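> Okay, predicted coordinates and the sequence, questions at the end:
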Amino acid sequence: MVRCPGQDQRYWKPQDIFEVQCTVCGRALEFFKDEPKLKCRNCGQLVPNPKIDLGCAQWCRHAEQCIGIVAAKDIGSLRDKLIDT
C-alpha cells in the first residue's frame, strides 16, 4: 500500500520533529508533526502539540480515509478534538 507523502516519514523534513517544554514541569517532550498530544513521562501532564500539521487534509482527496474527516472545513474542529481528548 502506498502511503500518503504527508504522513510518510520518509518525506518529512528535520523541522517535522521538534521539542516542546512540558507546561507543568518543563521537561522536554519530542513531538512528531502529526502527534496531537503527548503525556509527560516526568509528571504525567498531557501536552498538546502546538505545531500539529494536518495541512495535507485540506487538499488531499484521500483525507477521509487517512485521518477521518469529511471535508476541509472540518480540519479546525478535528485539530481541536485531537488536542482536547
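It's in.
> any idea how far Glu30 is from Cys22?
Note on Glu30: its distance to Cys22, by CB to CB, to the nearest Å, is 12 Å. Placement of C-beta: from N, CA and C, glycine included.
> These two: which has the busier surroundings?
Using other CB atoms under 10 Å as the criterion, Glu30 and Cys22 rank with Cys22 on top: 19 against 10.
> residues touching that one, list them.
28-29, 40, 42-43, 45, 47 (CB atoms under 8 Å, 6 or more residues apart in numbering).
> Identify the residues contacting the nearest residue to it once chain neighbours are set aside.
Of all residues not flanking Cys22 in the chain, Cys40 sits nearest, at 4.3 Å (CB to CB, 6 or more residues apart in numbering). For Cys40, the contacting residues are 22, 24-25, 27, 29, 46-47, by CB under 8 Å, 6+ apart.
> between those, which is closest to Trp12?
Leu29 (17.8 Å; CB to CB).
> ok, the closest one - how many residues close by?
For Leu29, using other CB under 10 Å, the count is 20.
> who does it bridge with?
Applying DSSP bridges to Leu29 yields these beta-bridge partners: Val20.
> per-residue confidence at Asp84?
Asp84 carries a pLDDT value of 60.
> next one: Leu78
59.
> before we move on, back to that, any idea how far the residue nearest to Cys22 is from Arg61?
Where Arg61 is concerned, Cys40 sits at a distance of 37 Å (CB to CB).
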